[in-house]
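Chemist: Provide a 3D model corresponding to the input given below.
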Amino acid sequence: MTQDPPASPGQDAAGGSPAPPPDTDALTEVVDDLAQVAHDLGEPGRPFERHSPFYVGLVGGLGLLTALLLGLALYTIQSVLVLIVVSMFLAAGLNPIVEWLERHGVRRGPSVLVVTVGVISVLSLFVLAIVPVIADQVVAITSSAPGWLDQLQGNSRVQALDDEYDIIGNVQDYIADGDFIGPVFGGVLGFGVRVLSSLFNVFIVLVLTLYFLASLHRTKRSLYGLVPASRRDRFSRLGDRVVANIGGYVGGAFVVAVTAGLVSLVFLLVVGLAEYAVALAFVVALLDVIPMIGATLGAVVVSAIGFATDVRTGVACVIFFLIYQQLENYVVYPRVMSRSVDIPGAVAVIAALVGATLLGVVGALLAIPTAAAVMLILREVVQRRQDVR
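Modeler: Residues are numbered from 1 along each chain as shown. Below you'll find the predicted structure:
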């Protein structure tokens, strides 16, 4: 076997035409120009020592300042962030209905439109039907309150406290004056501003919920795309589970609250509080949405009015709510939430307390599904890694 002779310096390896010689004069000229520039600017010094105390302090101070500015910005827009989080949770709660319509042949856009129109219609009809009744019954409760206070004066212990502190007299004057909304909300102007602010927040939440609901799949795909491809499938599955759990919790909480309100309405109609039944049942349903303490607060309100009306009615209210809360805690709530939220009772209590401390009622509402999502991630990611090691 013969070997080809090596290519000559002026010829390429394939034996073709000779390669052009490098332009050494041009290279030399460029090097000389760079050397001249370096000479004009002086000799370059040593690189800056990144481990020096000055450099570390400067960079650390800039990082701390950036973190403080970011924290201040987040604190400034905390109310907007709360509205965004509430809207996302509501969108996740309505998403199962949209997906049900999609499974029955309706596209995503029309499904979102149908669900939105349905929710707005139901809320509008509910407000138109319930607000006048609640207003009349609140007026009835207010007008009956002085008589209830007169009945309390018949109690010897209450009479002793009233003789010393004049509690009942002050409360009677306060109620008879009729102006107990203004001082709470800062007068008529302050009350009007708060009402307008609340309506504006409701409108913002409604619009954001509509946007999140319409673009939920696209938003999830965009977030999943930020994860490396090797982990994207598992991350997507976990994200879908978290969204499904949040949606199930929101829907389940609504079902539990409506159940509590309807059962309380029937009880109040039977026990003799029909004059205030609708308003009190609405209060029970509204407060029952708040985890852990909402049902107790509703029971206290209804029982207090029951005792003010008649002692036997008050006792009946206490017995009813004690029994119903046990049924709700051990029968209704577990059955409704078993498919969406699976967390220990102690974790639910701690999460509700922490959420209420951080964000008030909104924090208490969002705490349990957030805790469920965190526990899901811990079980599926952290615990599995520990089991492999």
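Chemist: What average pLDDT does the strand or helix carrying residue 204 get?
Modeler: With secondary structure defined by DSSP states H and E, residue 204 is part of helix 187-214. The pLDDT scores in helix 187-214 average 75.
Chemist: try stretch 301-317
Modeler: Stretch 301-317 comes out with an average pLDDT of 82.
Chemist: One more: stretch 57-72?
Modeler: 90.
Chemist: Could you do stretch 359-376 as well?
Modeler: Mean pLDDT, stretch 359-376: 79.
Chemist: buried residues in that stretch?
Modeler: Residues 359, 362-373, 375-376 are the ones in stretch 359-376 that count as buried (16 or more other CB atoms under 10 Å). Just so you know, the C-beta spots here come from the backbone N, C-alpha and C atoms, and that holds for glycine as well.
Chemist: circling back to that earlier point, elements contacting the very next helix or strand once past the helix holding residue 204?
Modeler: As assigned by DSSP H and E, the chain's next helix or strand after helix 187-214 is helix 216-224. In terms of contacts (3 or more CB pairs under 8 Å, 6 or more residues apart in numbering; DSSP states H and E), helix 216-224 is packed against helix 78-103, helix 229-271.
Chemist: possible to save these as JSON lines with distance to residue 286?
Modeler: Listed next are the helices and strands packed on helix 216-224 as JSON lines, based on distance: least, CB to CB, whole Å:
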{"stretch": "helix 78-103", "distance to residue 286": "16"}
{"stretch": "helix 229-271", "distance to residue 286": "7"}
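Chemist: between these, which gets nearest to residue 293?
Modeler: helix 229-271 (13.7 Å; CB to CB).
Chemist: For the helix or strand just after the closest one, buried residues please.
Modeler: For helix 229-271, the following helix or strand on the C-terminal side (DSSP H and E) is helix 277-288. Going by neighbour count (16+ other CB under 10 Å), the buried part of helix 277-288 is 277, 278, 279, 280, 281, 282, 283, 284, 285, 287, 288.
Chemist: Which residues does stretch 314-326 contact?
Modeler: 260, 263-264, 267, 271, 295-296, 298-299, 302-304, 306-308 (CB atoms under 8 Å, 6 or more residues apart in numbering).
Chemist: pLDDT-wise, which helix or strand of this structure ranks last?
Modeler: Here the helix or strand of the chain ranked lowest by mean pLDDT, DSSP states H and E is helix 182-185, holding a mean of 47.
Chemist: So for stretch 74-84, what gets flagged as buried?
Modeler: Neighbour counts using 16+ other CB under 10 Å place 82, 83 of stretch 74-84 among the buried residues.
Chemist: re earlier: so which of the buried residues of helix 277-288 is the closest to residue 115?
Modeler: Nearest to residue 115 out of the buried residues of helix 277-288 is residue 285 (CB to CB; 21.5 Å).
Chemist: Which of the buried residues of stretch 359-376 fall in strands?
Modeler: In strands, judged by DSSP state E, none of the buried residues of stretch 359-376 are found.
Chemist: And those residues, which is closest to residue 88?
Modeler: When the buried residues of stretch 359-376 are compared for distance to residue 88 (CB to CB), residue 366 wins out at 9.6 Å.
Chemist: I figured that closest one hits residue 89, correct?
Modeler: Yes. In terms of CB atoms under 8 Å, residue 366 counts as a neighbour of residue 89; the distance is 6.2 Å.
Chemist: residues touching residue 281, list them.
Modeler: Residue 281 makes contact with 261, 262, 264, 265, 268, according to CB under 8 Å, 6+ apart.
Chemist: run the last query once more with 10 Å
Modeler: 130, 134, 260-269, 273, 298, 302 (CB atoms under 10 Å, 6 or more residues apart in numbering).
Chemist: Which residue, neighbours along the chain excluded, lies closest to it?
Modeler: Leaving aside its chain neighbours, residue 281 sits nearest to residue 265 (3.7 Å; criterion: CB to CB, 6 or more residues apart in numbering).
Chemist: about what we covered before: so can I have a markdown table of the buried residues of helix 277-288 showing distance to residue 244?
Modeler: Below are those laid out as a markdown table (distance: CB to CB, whole Å):
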| residue | distance to residue 244 |
| --- | --- |
| 277 | 37 |
| 278 | 35 |
| 279 | 36 |
| 280 | 35 |
| 281 | 31 |
| 282 | 30 |
| 283 | 31 |
| 284 | 29 |
| 285 | 25 |
| 287 | 27 |
| 288 | 23 |
